[in-house]
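**Student:** Build me a structure from this.
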Amino acid sequence: MIPGKFAITLHILTLLTKSPDEFLSSEYIAGSMNINPVLVRKEIGNLKKHNVVESREGKFGGTRLAKPAAAISLEDIFNMTFNSVSLGYSKNDPNPDCPVGKKINENLDVLYKSINTKICKQLKDISLLQFTSNF
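**Tutor:** Take a look at the predicted model:
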């Protein structure tokens, strides 16, 4: 299943887009999402690793975008948060002697690859700035 990581990351980036000249604290961002600031800091760490945000410490510290929101696509965000979407596999190894069991995971792999291609294709043409204009 798709975890909430994409939604959390997109929420963070939307808040930062709405306040481009401010460094927002992880406590402020977490308050907007009603989650623990530690979870926000974890996602901010991932965004820093991808050079999307910059942070500073101290009394007036926080995080802001390091590049224009128009230059960040939702596909970029998706790829920063997932390697790929998988709807899962059976908890047990399928029976290799069964005509379905021996090929189920192979066929699921093909299906999941197709799903990921479609997701990326749709997200590629939406910038963070465009998404943020909905708020």
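**Student:** Show me the strands in this structure, by range?
**Tutor:** All strands of the chain, identified by DSSP state E, fall at 53-56, 62-65.
**Student:** residues contacting the nearest residue to I35 once chain neighbours are set aside?
**Tutor:** The shortest distance from I35 to any residue other than its chain neighbours is 7.2 Å, reached at I8 (CB to CB, 6 or more residues apart in numbering). C-beta coordinates here come from the backbone N, C-alpha and C atoms, glycine included. By CB atoms under 8 Å, 6 or more residues apart in numbering, the residues touching I8 are M33, I35, L39, V40, E43.
**Student:** before we move on, back to that, relative to M80, which of the strands of the chain is closest?
**Tutor:** strand 53-56 (10.8 Å; CB to CB).
**Student:** Let me see the residues that make contact with the closest one.
**Tutor:** So strand 53-56 is contacted by L13, L16, F23, I44, L47, K48, G61, G62, T63, R64, L65, A66 (CB under 8 Å, 6+ apart).
**Student:** which helices and strands sit right next to the biggest helix by length in the chain?
**Tutor:** Of all the elements of type helix in the chain, the one with the most residues (DSSP state H) is helix 104-124. With contacts taken as 3 or more CB pairs under 8 Å, 6 or more residues apart in numbering; DSSP states H and E, helix 104-124 sits against helix 74-81.
**Student:** Quick one: list the elements packing against the helix it packs on.
**Tutor:** Other helices and strands packing on helix 74-81, by 3+ CB pairs under 8 Å, 6+ apart, are helix 5-18, helix 37-49, helix 104-124, helix 128-132.
**Student:** List the contacts of it.
**Tutor:** Counting by CB under 8 Å, 6+ apart, residues outside helix 74-81 touching it are 5-6, 9-10, 13, 46-47, 50, 52, 119-120, 123-124, 126-128, 131.
**Student:** Please, a ChimeraX command that selects the buried ones among those?
**Tutor:** Buried members of the contacts of helix 74-81, defined by 16 or more other CB atoms under 10 Å, are picked up in ChimeraX with:
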select :6,9,10,13,47,52,119,120,123,127,128,131
